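Asker: Fold the following for me, if possible:
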Amino acid sequence: MFRQRALKIVLVLFGLLFLAGLIPLVLSLLARNHADAGTPMLMSLYAALGVFLLVAVRNPSAHRSLIAYAAWANIAHGTVMLIQRFQFLGDRDLQFGSLAAIAIGAILLALVPKKQPVAEKSPATAVAV
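Answerer: I've put the predicted structure just below:
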């Protein structure tokens, strides 16, 4: 019970956090100041993921694969950012962002709902009459 409640809280927090990326995305698109074209694209992906994480709050076990995807995508993104941090030693923002992404992924991964056992159909119910 505690695990499911913690998962729902985490889904709301991370969903809102990812959705909050829409604000800088819209502002950057309106300003037409695109120093980095990749950032608005990545923010749009995270905003869409935020919406679906919020949808998953109602029934997390039905959205198990989405939660696992969000976890592994954040771990992968954070790992790439961490590697880039060592390639571009002057950019400290990459270090904090990468650690945050890895932490978000680890938290989601730790709380992914357990896989539900598949109920086997009995031979009597499998035959359509």
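Asker: Mind naming the longest helix for the protein?
Answerer: The longest helix of the chain (DSSP state H) is helix 64-87.
Asker: List the buried residues in that helix.
Answerer: 64, 66-67, 70-71, 73-75, 77-78, 81-82, 85 (16 or more other Cβ atoms under 10 Å). From N, CA and C alone the C-beta is placed, and that goes for glycine too.
Asker: pLDDT (mean, whole number) over the helix or strand just after that helix?
Answerer: Remark: after helix 64-87, the chain's next helix or strand is helix 93-111, criterion DSSP states H and E. In this model, helix 93-111 has a mean pLDDT of 87.
Asker: Repeat that for stretch 117-129.
Answerer: Mean pLDDT, computed over stretch 117-129, is 60.
Asker: Stretch 8-22 now?
Answerer: Stretch 8-22 shows an average pLDDT of 91 in the prediction.
Asker: can you check stretch 78-86 too?
Answerer: 85.
Asker: related to what we said a few turns ago, can you tell me which of the buried residues of helix 64-87 is nearest residue 11?
Answerer: Within the set of the buried residues of helix 64-87, residue 67 lies nearest residue 11; the separation is 7.3 Å, counting by Cβ to Cβ.
Asker: Could you measure from the closest one over to residue 106?
Answerer: Here the criterion is Cβ to Cβ, to the nearest Å. By it, residue 67 lies 13 Å from residue 106.
Asker: can you check residue 85 too?
Answerer: The value you get for residue 85 to residue 106, if Cβ to Cβ is used, is 18 Å.
Asker: Kindly report the same for residue 12.
Answerer: When distances are taken as Cβ to Cβ, residue 12 and residue 106 turn out to be 18 Å apart.
Asker: before we move on, what about residue 58?
Answerer: The value you get for residue 58 to residue 106, if Cβ to Cβ is used, is 24 Å.
Asker: Those two: which is more packed in?
Answerer: Per other Cβ atoms under 10 Å, whichever of residue 58 and residue 106 has more neighbours is residue 106, with 14 against 10.
Asker: For the closest residue to the more buried one other than its chain neighbours, list the residues it contacts.
Answerer: Closest residue to residue 106 apart from its sequence neighbours, by Cβ to Cβ, 6 or more residues apart in numbering: residue 75 at 6.9 Å. Residue 75 sits next to 101-102, 105-106, 109 when contact means Cβ atoms under 8 Å, 6 or more residues apart in numbering.
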